[in-house]
Structures are given as structure tokens and as C-alpha cells.
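Chemist: Requesting a structural model of the entry that follows:
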Amino acid sequence: MDIIQSAASRYSTKAFDPSKKINAEQIDKVKELLRLSPSSTNVQPWHFILASTDEAKARIAKATSGFYVFNERKVLDASHVVVFCAKTAIDETHLAKLLNQESHDGRFANPQAMEGQHKGRSYFVNMHRFDLKDAQHWMEKQVYLNVGNFLLGVSALNIDAVPVEGFDARILDEEFGLREKGFTSLVIVPIGYRSETDFNAALPKSRLNFNEILTEC
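Modeler: The predicted structure is shown next:
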């Protein structure tokens, strides 16, 4: 599918068909989309939960109780559910892990290039940690880059999806022990195939006109 067609055809799925499941080959591609997302300085401050069983989806759905119950069926009826999580702190251990992986993947022509990458990334990380003191917010923005990349990517795979912020992060974090592992949940994205009863599927896409959002110079 053409990338513009993918962008034009994707929408926030309001109802999934629970009888339709994403096959294993497609799920492998879904996982690659998560891993290949861009992030500032390649910092990758994320972790994901991929739920495929009814039991796992029910655990996630605990966070859509009470006020957020309107999102429960999206989680339970989807083929799979992805929880996007952000790191709650960034330290030298993570920076070293990134650098070692980049070296292993052949990113550096020589030790000087490796040192330059480490210094450059550390500069921005430390700016957000110590000067701006907004490291958590900065890392969450990187996760949202991944969410956007993911939504467009699954559309190109002809998979339906909906980003869900309406959930209780405290409940979800406790259910999976995320905070003890250094993460917190940000966005739930159920994926699968739309139900014929999904009213949103037939509605036209609505976006502001170019004269409102674009300056060409």
C-alpha cells in the first residue's frame, strides 16, 4: 500500500472483531515496527508489552475499569494489544547498553566515531536530566514518536489500531510490576481487524486545510 493511502485509510478503530486474529507472520512485522522506530539520539527509552491471549488482555483491561470502561471492549476484543511504556529514569548503564549495541551493529568506523556518538548523546541526555530537568517528559516524547510510527506502520500492513490514553496507569503499572522495573505505561494500542459495527469506519477523515497548517516559503 502506498504510504499516503496508508495515512489516509487509517483511523481510530472503535470496535474490533474478536473472531479475526493477526497471523504470526504479521505479528513478527508488528514487533519489528516497535523495534525500528526513530528516537532522539537513538536513545530508545522504551519497553513494550505485547498481549495475545485472552488472559493477558484481561490483565491490561483492568486499567480500563471505572471511568475508563468505555475502552474495555477495545482491549478485550482486539487480536493483540500493545502497551507502550517509557523509562522513568535514564542512567549511564542505559547509555552504555546503547553504545555497545551500536558498536556491535557496525555503526562506528573507528573509536573516535564511537566516542563522538557517546559524547553527543550524553550532552542531550544530561541537558534534559540536569539543566532542563525534564528527562521524563523528553523520554515520553520519544515513546510517542514510536506510537506515531507504529500506527502508520500497522496501517500499511492492513491492520486496524486505536491509540488509547484513557486508562489508569497506576493500575496497569502495578499489574505488570512496571515501576519496579524502571518503566511506566503511557499508551495502550489495541490492534486487529475492525468490526462491521464500527461506526467510525464509515466516517470521512477530517483534517484542517493546508492554508491553516502549512507555510511554504
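Chemist: Would you check how far apart residue 161 and residue 12 are?
Modeler: In this structure, residue 161 and residue 12 are separated by 8 Å, where distance is defined by CB to CB, to the nearest Å. All C-beta spots, glycine's among them, are computed from the backbone N, C-alpha and C.
Chemist: One more: residue 77?
Modeler: Counting by CB to CB, the separation of residue 77 from residue 12 is 14 Å.
Chemist: now residue 82
Modeler: Counting by CB to CB, the gap from residue 82 to residue 12 is 15 Å.
Chemist: and the longest helix anywhere in the chain, which residues are buried?
Modeler: If you go by DSSP state H, the chain has its longest helix at helix 135-156. Residues 135-136, 138-140, 142-143, 146-147, 149-151, 153-156 are the ones in helix 135-156 that count as buried (16 or more other CB atoms under 10 Å).
Chemist: returning to that earlier point: more neighbours: which of residue 77 and residue 12?
Modeler: Between residue 77 and residue 12, counting by other CB atoms under 10 Å, residue 77 is the more crowded of the two (19 against 13).
Chemist: Okay, buried residues for stretch 15-32 please.
Modeler: Along stretch 15-32, these residues count as buried under the neighbour rule (16+ other CB under 10 Å): 15, 16, 17, 18, 22, 26, 27, 30.
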